[in-house]
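Participant: would you be able to build a 3D model of this:
(chains A and B)
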Amino acid sequence: MIILWTDALILLLLFILIWMLVQAARRPYLRQQWQKTYAHPTRKLALIILLCYASIGLLDSIHYKQHNSNNVVSVLDYLLTPIANSVETSYSAQFAQHLFTKQLRKDQDGNISWFAPKLKSPDHVFGTDKVGIDVLYASIKSIRTGLIIGLLTTFISLPFAIFFGAIAGYYRGWVDDLIQYLYTTLSSVPGVLLIAAAILTVDAVVQRHQAIFELMAQRTDMRLLILCSVLGLTSWTSLCRILRGETLKLREQEFVLASKVLGTNNLQIIYKHIVPNLFNIILISIVLDFSGLVLAEAVLSYVGVGVDPAMFSWGNMINSARLEMGREPVIWWSLTGAFVLMFTLVLAANIFADGVRDAFDPKVV
Amino acid sequence: MLQISNLSVNLELAGKKITAVDDISFVIEPGEVVALIGESGSGKSMTALAIMRLLPQIASYGVNSQICLYGSNIIDLTEQQMRTVRGGDIGMIFQDPMTSLNPVLTVGTQITEVLNLHQRLYGRECYIAVLRLLEAVRIPSAVQRFNSYPHELSGGMKQRVMIAIALASKPSLLIADEPTTALDVTTQAQILTLLRELQREFNMALLLITHDLAVAAQMADRIAVMQAGKIVEQNSAAKIFTESQHAYTKKLLNSLPQLHAGLSGKQNLPQHNALEVKNLQVNYPIKSGIFRRTVGFISAVKNVDFSLSAGETLAIVGESGCGKTSIAKAILGLLPGVACGTVMFKNNNLLQLRESKLRQLRAGIQIVFQDPYAALNPKLRIFDSLTEGLTEPSINYIDQLLMQVGLLPEHKWRFPHEFSGGERQRLCIARALSVKPQVIICDEPTSSLDVSVQAQVLDLLKKLQLENNLSYIFITHDLALVNYLARKVAVMYQGQIVEYGLVTEVLINPKHQYTRELLSAAPKITNYKKVLTD
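Facilitator: Predicted structure coming up:
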């Protein structure tokens, strides 16, 4: 059993989620709201889809060292052994019997002819990619990467956005100025540049300390973690700006004044009156950012500073699809695989977020 | 001229059908002023929008509805024909002059637009017509005002410009939807006089929509009373006020606080001082530059003195911007560094206390705000809102509190949006009471409520005062309320108290010019009362 950094963080997130669910279940009215929301059939479906993704991501986060080899594999790999191991030599279309690319063959008479070799196993739902890996398998393995980038980044950036946004809007004055200068500066530095710098630095560090990162998996994992952190640290600014504006509006609301008059202290007011009323905005932007981040990963892979090329990710898949789309005849299935899984996830997350917002918005009953 | 028969308007909300206007019929003759009165949600504004064919998308006309303007049914007109009616035969002015003018266009441009469209006037001719209109609505130095932007004008001025725009097409009917609700009493009086004069001058018919019976009494020839989408009574104004037939009309009339009704009900006798304000000043700093240096001050409150005995009510009267709310905030300690002077409460000067000490004393002075919709956190259950100031919240105590303000114990698990405006105001009062204060500042607590609800809330305040020996500082612009509730009154004008004394003296024998102006500007229905007593 090997626990990678991101595995640990995913477990932490899981515990937080379970704790929140327990808290929600304890309060009768919250439970009521949630039950009402999930009576809705599409939302129920969205939740089921999300749970499927989450469980795949979790199974993929339990790593162990393979028997007498240095390969680190996950429980998911073990479960998917049949398709993981049916590696062809190159591209093949879905459910094809033969390879997509033809090879030259010299028969006994010395005649040269083109032929497409037979596949080892003719049951690739989405076909195979350039190096013969099943596209469905690659897409499923990418789920963990997508979830980590979406979730970890959000959870790194969220505390900054909420804390700074609420503080700046509520206290105003020099606190506001300071925070505004901070995020204006941060958002004026091109994000890609920062990320590239961070990734290259980490690469160098990893190279130098081979002893700590002895396994390949540890190296790719560290790169993913750094990518998330840098994305997180640079992406809180836009949400922070919106939250600050909203807080400026909220702090003048009479219920905030009334609370002040009752003798509530400032931090309590922020916690009790400001943040709950920011929740709608936070939730909407989390979901929108989530899809944005999964896409950002693709862009970064294109520049060469994304996740490790050896790691399965939708970004890497989309990146390689660039050349495949230019071929004649077109190889479209490897893009389709990434697209279908990513699309389903983002759509389900959007519908789910609608439900969550309604559950927390007392006005929609 | 305009004949409305069997008009119904149906709204469709989330699959549910609601009848907003229910089979109403009335007639407006040329040159006549008809007032449509009723409480919020009674369908007054919906009727006005129906006449203009400006109903929201979710609304539809009933089957037999007819709105005949000079004999042709408006409902059957095409949208193109309708455009010549709107702003042509029928002009309209709205409640809030702040939002009905386009902030990026000058006043002149906005009037010119209408003249181009409906009168086909251009160039010099048009310019002169605009100036004439501005003069007609009594805007001084019209030539300069032509190039003013809306933000350079006061509320009353803006409403005048709105009237000028409505008049630009020489309409035969002017619909005024609560034209003075957003304005001060004295401005209101001016605008009402102006409307009345213009209506005679241009020989227009005027459909006045208002919730204010006194305004209707002052303006209308005929009055129609609406309740829940129906017209329950319509008659000439004199008859409505003297021999009203319908129970609802009577209820409305009775719930109106009277300016000269004299002190009503029991009152606490004056006791020891609960609060003493001396030499209070509020100066808002003007800051500019990168380092936000203070370059000057706006003086909102200047040298204000008053005292408040336990169990007594002091009313602070004045127009918007006169510093009433600044006084309230200063007393509550919400303006640290901005307010100076002394506010003595329990032998402490609230303005010079440290934050921690102030927090302990805060429970003693509470506030009830004007807008009950903004005053409760929409995300918190009533129970959570009410227990905010308590260290040991107990369900029993909250139940008692809710019953004290006339609500039910089971209401505590609801969210604010499940309550009506009046109920919310009760909740706000309950929240203020929860920490057992000695003084409650009521900042226009009833100005966003309907007349009948207003009466209930005022009675509740009175009852609570007697039960708990509370002192109130009652901030209002409505002199009639002062008389109903307060023992002492302070009249404020431009940040200063210009007159201060017992209500009975100040209202009957006002010394200051401004008080007299306020008193005469307040619309009354006393003329009709006389008829009644004669």
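Participant: partner residues bridging B:A35?
Facilitator: Beta-bridge pairing of B:A35 under DSSP bridges involves B:L208, B:I223.
Participant: could you check how far it is from B:D22?
Facilitator: Counting by C-beta to C-beta, to the nearest Å, the gap from B:A35 to B:D22 is 19 Å. All C-beta atoms are positioned from the backbone trio N, CA, C, and that covers glycine.
Participant: for these two, indicate the residue with more neighbours.
Facilitator: In this view B:A35 and B:D22 are compared by other C-beta atoms under 10 Å in any protein chain shown, and B:A35 has more residues nearby, 27 against 18.
Participant: I'd assumed B:A224 was in contact with the more buried one.
Facilitator: Yes - assessed by C-beta atoms under 8 Å, B:A35 is found in contact with B:A224 at 7.2 Å.
Participant: please list all residues in contact with A:L119.
Facilitator: A:88, A:92, A:96-99 (C-beta atoms under 8 Å, 6 or more residues apart in numbering or on different chains).
Participant: kindly recompute the last result at 10 Å.
Facilitator: Shown in contact with A:L119 (C-beta atoms under 10 Å, 6 or more residues apart in numbering or on different chains): A:86, A:88-89, A:92, A:95-100, A:128, A:132.
Participant: out of the residues you listed, who's nearest A:A211?
Facilitator: Lowest distance from A:A211 to the contacts of A:L119 (C-beta to C-beta) belongs to A:G132, with 33.8 Å.
Participant: which strand or helix spans the closest one?
Facilitator: Under the criterion DSSP states H and E, no helix or strand holds A:G132.
Participant: so the closest residue to it other than its chain neighbours: helix, strand or coil?
Facilitator: Nearest in space to A:G132, with sequence neighbours left out and distances taken as C-beta to C-beta, 6 or more residues apart in numbering or on different chains, is A:E88 at 3.5 Å. Secondary structure state of A:E88, per DSSP: H, G, I helix; E, B strand; the rest coil, is coil.
Participant: count the neighbours of A:E88 for me.
Facilitator: 23.
Participant: quick check: it touching A:D123?
Facilitator: No - here A:E88 does not reach A:D123: they are 11.4 Å apart, not a contact under C-beta atoms under 10 Å.
Participant: common neighbours of the two, please.
Facilitator: Residues touching both A:E88 and A:D123 (C-beta under 10 Å, 6+ apart): A:96, A:134.
Participant: in contact with the residue in the stretch 201-350 of chain A that chain B sits nearest to, which residues?
Facilitator: The minimum distance from the stretch 201-350 of chain A to chain B, using C-beta to the nearest C-beta, falls at A:L262 (3.4 Å). Residues near A:L262 by C-beta under 10 Å, 6+ apart: A:269, B:359, B:362-363, B:366-367, B:385, B:387-390, B:431-432, B:434-435, B:437.
Participant: list just the nearest of those residues to B:G87.
Facilitator: For those, the nearest to B:G87 is B:I367 (43.6 Å; C-beta to C-beta).
Participant: wait, that closest one touches B:I327, no?
Facilitator: No - the pair B:I367 / B:I327 is not scored as a contact, 11.6 Å apart, by C-beta under 10 Å.
Participant: ok, back up a step: now render the contacts of A:L119 as TSV, adding pLDDT and distance to A:F115.
Facilitator: Conversion of the contacts of A:L119 to TSV gives the following (pLDDT from 0 to 100; distance: C-beta to C-beta, whole Å):
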residue	pLDDT	distance to A:F115
A:S86	77	21
A:E88	77	15
A:T89	76	13
A:S92	79	14
A:F95	74	20
A:A96	76	14
A:Q97	77	13
A:H98	76	8
A:L99	78	9
A:F100	79	13
A:T128	82	18
A:G132	80	17
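Participant: Produce a PyMOL select command limited to the buried residues of these.
Facilitator: To isolate the buried ones among the contacts of A:L119 in PyMOL, judged by 16 or more other C-beta atoms under 10 Å in any protein chain shown, type:
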select buried, chain A and resi 86+88+92+96+99+100+128+132
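Participant: can you map out the strands along the stretch 251-365 of chain A?
Facilitator: Read by DSSP state E, counting those that start in this stretch, the stretch 251-365 of chain A holds no strands at all.
Participant: oops, could you answer that again for the stretch 301-450 of chain B instead?
Facilitator: Under DSSP E, counting those that start in this stretch, the stretch 301-450 of chain B gives strands at B:313-317, B:339-345, B:348-349, B:365-368, B:439-443.
Participant: same for the second one, what does it pack against?
Facilitator: Taking 3 or more C-beta pairs under 10 Å, 6 or more residues apart in numbering or on different chains; DSSP states H and E as the contact definition, the neighbouring helices and strands of strand B:339-345 are strand B:273-288, strand B:293-309, helix B:324-331, strand B:348-349.
Participant: separation between the residue nearest to A:G132 and A:I49?
Facilitator: Distance, A:E88 to A:I49, by C-beta to C-beta: 30 Å.
Participant: which residues of chain B score low on pLDDT?
Facilitator: Across chain B, residues meeting the criterion (pLDDT under 70) sit at B:257-270, B:525-534.
Participant: domains in it, by residue range?
Facilitator: Residue ranges for the domains of chain B, per automatic domain parsing: B:2-254, B:311-322+B:352-533.
Participant: can you tell me the residue of the stretch 201-350 of chain B closest to chain A?
Facilitator: Here the stretch 201-350 of chain B gets closest to chain A at one residue, B:L332, 5.3 Å apart by C-beta to the nearest C-beta.
Participant: who's the closest spatial neighbour of that residue, skipping the chain neighbours?
Facilitator: A:V261 (5.3 Å).
Participant: hang on, isn't A:I149 packed against A:C228?
Facilitator: Yes - counting by C-beta under 10 Å, A:I149 touches A:C228, with 6.0 Å between them.
Participant: please enumerate the shared neighbours of these two.
Facilitator: Counting by C-beta under 10 Å, 6+ apart, the residues touching both A:I149 and A:C228 are A:6, A:293, A:297, A:307.
Participant: ranking those residues by neighbours, who comes first?
Facilitator: A:E297 (29 neighbours).
Participant: what's the closest of the shared contacts of A:I149 and A:C228 to B:N102?
Facilitator: Using C-beta to C-beta, the shared contacts of A:I149 and A:C228 come closest to B:N102 at A:L293, 40.7 Å.
Participant: where do the helices of the stretch 201-350 of chain A begin and end?
Facilitator: Here the stretch 201-350 of chain A has its helices, by DSSP state H, counting those that start in this stretch, at A:216-251, A:254-261, A:266-269, A:275-303, A:314-326, A:333-360.
Participant: keep only the shared contacts of A:I149 and A:C228 that also lie close to chain B.
Facilitator: Residues of these in contact with chain B (C-beta under 10 Å from any C-beta of the partner chain): none.
Participant: these two touch, right, A:A25 and A:Q33?
Facilitator: No - using C-beta under 10 Å, A:A25 is not in contact with A:Q33, being 11.8 Å away.
Participant: before we move on, back to that, tell me the contacts of the residue of the stretch 201-350 of chain B closest to chain A?
Facilitator: A:257-258, A:260-261, B:339, B:343, B:350, B:358, B:362, B:365-367, B:439, B:441.
Participant: of the contacts of A:L262, closest to A:L200?
Facilitator: Closest to A:L200, out of all of those and judged by C-beta to C-beta, is A:I269, at 44.2 Å.
Participant: now the strands of the stretch 301-450 of chain B in TSV, with mean neighbour count and distance to B:I191?
Facilitator: As requested, the strands of the stretch 301-450 of chain B are exported to TSV (neighbours: other C-beta atoms under 10 Å in any protein chain shown; distance: least, C-beta to C-beta, whole Å):
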stretch	mean neighbour count	distance to B:I191
strand B:313-317	26	20
strand B:339-345	19	34
strand B:348-349	14	43
strand B:365-368	27	29
strand B:439-443	25	25
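Participant: turn those into CSV, including distance to A:R357.
Facilitator: Shown next, in CSV, are the strands of the stretch 301-450 of chain B (distance: least, C-beta to C-beta, whole Å):
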stretch, distance to A:R357
strand B:313-317, 42
strand B:339-345, 41
strand B:348-349, 46
strand B:365-368, 31
strand B:439-443, 33
